[in-house]
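**Student:** A predicted structure for the sequence below; I have some questions about it.
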Amino acid sequence: MSAASESERRRAAVIGKVRRALADDGNGDARRAAVEERLSRPRPNLVPARGQLTGEARLALFAEMAEKVSASVERVASAEELPEAVASYLRARNLPSELRMGADPRLKALPWDRASHLEIKHGPSDGRDLAAISHAFGGVAETGTLFLLSGQENPTSLNFLPEHHLVVLAAQDIAGDYEALWARLRAAEGDAGLPRTVNLVTGPSRSADIEQTLLLGAHGPRALHILLLGEG
Amino acid sequence: MSLSITSPAFKENAALALADVDLQQALTHVERGFIEKRRKAAEALPEFEALRDEARAIKEHTLAHLDLYLEAFEAKAQHAGAEVHFAETAEDARQAVLAICRRAKARTVTKGKSMISEEIGLNDFLEENDIAPVETDLGEYIIQLRGEPPSHIIAPAVHVTRNQVEQEFRRAHAGLDPERDLSEPVSLLAEARAALREKFLAADIGITGANFLIAETGSSVIVTNEGNGDLTQILPRVHIVLASIEKLVPTLEDVSTLLRVLARSATGQDMSVYTTFSTGPRRPGDPDGPEETHIVILDNGRAEMLAGELREMLRCIRCGACMNHCPVYHAIGGHAYGATYVGPMGAVLAPALFGLEKTANLPNASTFCGRCEAVCPVRIPLPKLMRHWREREYERHLKPAAERGGLKFWAFLAKRPGLYRLATRLGLAALSRFGRQDSYASLPFAGGWTRHRDLPAPAAKSFLDQWKASR
């Protein structure tokens, strides 16, 4: 038997077994309709009250939850101030004035020449970068979570390889709950479906695998710095 | 075939575990750490109990329509450019992975944490075929160096002390300065991070598990704290996802609900650090990500579970709360179970996957205290399902003759109340000859019990006698 027909046989066997095991569950048409309905009109389930805050309270909860998981949050009033905020973050930690970024137009457009001596490298990380910057698609107040999307302008490796990950998040892009961001993402991507990678990031990397002692910086960034831009 | 099931020797394994000083020291972290963290996280979210009900309902709905959700997932994943491979058996899954590795001419494979990989004995199989697998989750890396299976489904090296980790790194990492201080977990972590960074960058293929497969989008989801699962799938040219049929979930909203109970039940976090949704290979113009994505979906006995009482077990989202709260697990750790999956969830799942003949000891390794069911985020009635296996064990004559005889004798007594009362009184009278005390450190014919703990003394009068007296 050819490899292709062999894999087709396995597929039929697994799905067939499942179907037979469910045979007593009733009428096929009703089951099909239930699945179609659920997939074509996704609806939120119960959303906790803390995910339904608005305005400043939502912003405050985002910062509180992000800091609870050891991220740092810095409010920045305008985009023009971002380069200097990045430069001073690096200076304060005695890091070299080097920064890796993708080709995100929102980041590219910033006046980087205002931060003197900051050397910018573009493209995916080679595994030796100390600091990288990304722009988040949104944030979730409920748990202080960032949504980061892969794409031509956003290398996913920047989220994981550098020691310090800086993320710009527009305050107006913070939602209360995950569900709001999924809805926004569906609207933005349309029929294209999800980008190859959607990273939900909640704090810097950590491990408690040795005697349940919690340590930051397991394989991913040791530090996650969120630059919260503008007003909500 | 490489996976070894040592469950038939459960009693001997448990006795060794109870006498193992390092293991007993390591196990104190389970009882002290996990229970308190889960309790705090659950109490901090007023909707937690209601979310558990919803999580249960989502999984129930999915399982009742699983054939259709599998087809929907497959279509979406293929549309996004992934290849989907169904595997009926562990051997099918191993062969599917090997064929992908061969086609990619792979020599080294990095791995994110995957229990399916353990279930099918993938690492040994790859090594037999001259492909070097490297586990990258810190705990998995430690036990791979030690040549052991995981002893816990989310904290695989929970049985290892920091001194043992240091010994292992000094043995395995060539060029490590003998003078370097590795006495603290932080320096051990730094050592592992540096050693594994090179492996990540050099690997030909990355293999991860999946916490969920989403029918709506064709995505696979992994949940980690370290970021190793992400480096495993971003950097190599080929990404293989190992999943089983019950990982299906309808929509992104449904996954969001399950995520709200998963980390809280597992580690007491509100949300794990990295929750990654991967949909197909890299898109045209993407600067990184895998060029090929393969998703292997394993049955291995699960479809049969759908037809009966055991369907409820397929709701499991692998948080580990049942073992974290299990007094038997606290006493002996995971290795004594000897069948990949451990604790109460393992005691129900292992007989279905590996056969009751080899694993009948596991559903008997429970006091039925019920803590596992009380904390299960999807409300699986674990004691009921362990009882299911005990009944099958009795029906299929798998119990030793002496135990069957004992059970028959007890049933004979229990059906004759007068005789039962007489026997209880005689038993109490006999015990009183050893002196009144709260508990007994040793008794004739009770060595199997008293070797590892005292036998609590029964009340001076039986419940029935006390009941009568109070009326």
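**Tutor:** Ah, there it is.
**Student:** Pull the contacting residues for the residue of chain A found nearest chain B.
**Tutor:** Using Cβ to the nearest Cβ, the closest approach of chain A to chain B is made by A:Gly220 at 2.7 Å. Any C-beta I mention is one placed from the backbone N, CA and C, and that applies to glycine too. With contact set as Cβ atoms under 8 Å, 6 or more residues apart in numbering or on different chains, A:Gly220 has these partners: A:Asn159, A:Phe160, A:Leu161, A:His165, A:Pro204, A:Ser205, B:Glu226, B:Gly227, B:Asp230, B:Leu231, B:Val273, B:Tyr274.
**Student:** before we move on, which element is it in?
**Tutor:** Per DSSP states H and E: A:Gly220 is located in neither a helix nor a strand.
**Student:** what number of residues lie near the residue lying closest to it once chain neighbours are set aside?
**Tutor:** With Cβ to Cβ, 6 or more residues apart in numbering or on different chains as the criterion, A:Gly220 has its nearest non-adjacent residue at 2.7 Å, and that residue is B:Gly227. B:Gly227 has 28 neighbours, counted by other Cβ atoms under 10 Å in any protein chain shown.
**Student:** My guess is B:Gly227 contacts A:Ala218. True?
**Tutor:** Yes - counting by Cβ atoms under 8 Å, B:Gly227 touches A:Ala218, with 6.5 Å between them.
**Student:** Low-confidence stretches in chain A?
**Tutor:** A:1, A:24-26 (pLDDT under 70).
**Student:** I meant the stretch 301-450 of chain B, not that one.
**Tutor:** For the stretch 301-450 of chain B (pLDDT under 70), the answer is none.
**Student:** so where do the helices sit in it?
**Tutor:** Using DSSP state H, counting those that start in this stretch, the helices of the stretch 301-450 of chain B run over residues B:302-305, B:321-324, B:327-332, B:343-354, B:356-359, B:361-364, B:371-375, B:382-395, B:401-414, B:417-432, B:447-450.
**Student:** State the distance from the residue of chain B found nearest chain A to A:Asn199.
**Tutor:** Per Cβ to the nearest Cβ, the residue of chain B with the smallest distance to chain A is B:Gly227, at 2.7 Å. According to Cβ to Cβ, to the nearest Å, B:Gly227 stands 10 Å off from A:Asn199.
**Student:** Identify the contacts common to the two.
**Tutor:** Applying Cβ under 8 Å, 6+ apart, one finds that B:Gly227 and A:Asn199 are jointly contacted by B:Tyr274.
**Student:** ok, which stretches of chain B are strands?
**Tutor:** All strands of chain B, identified by DSSP state E, fall at B:83-87, B:108-111, B:132-135, B:205-208, B:212-214, B:219-224, B:238-244, B:248-249, B:274-278, B:292-298, B:439-440, B:455-456.
**Student:** Would you reformat the ones you listed as TSV and include mean neighbour count and distance to B:Leu51?
**Tutor:** Shown next, in TSV, are those (neighbours: other Cβ atoms under 10 Å in any protein chain shown; distance: least, Cβ to Cβ, whole Å):
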stretch	mean neighbour count	distance to B:Leu51
strand B:83-87	22	30
strand B:108-111	24	31
strand B:132-135	21	32
strand B:205-208	28	26
strand B:212-214	26	16
strand B:219-224	26	16
strand B:238-244	27	24
strand B:248-249	26	15
strand B:274-278	27	16
strand B:292-298	24	27
strand B:439-440	13	41
strand B:455-456	11	38
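**Student:** mind giving me CSV with the ones you listed and columns for distance to B:Lys415?
**Tutor:** As requested, the strands of chain B are exported to CSV (distance: least, Cβ to Cβ, whole Å):
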stretch, distance to B:Lys415
strand B:83-87, 48
strand B:108-111, 55
strand B:132-135, 54
strand B:205-208, 55
strand B:212-214, 49
strand B:219-224, 51
strand B:238-244, 43
strand B:248-249, 46
strand B:274-278, 55
strand B:292-298, 45
strand B:439-440, 29
strand B:455-456, 26
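**Student:** No more questions from me, cheers.
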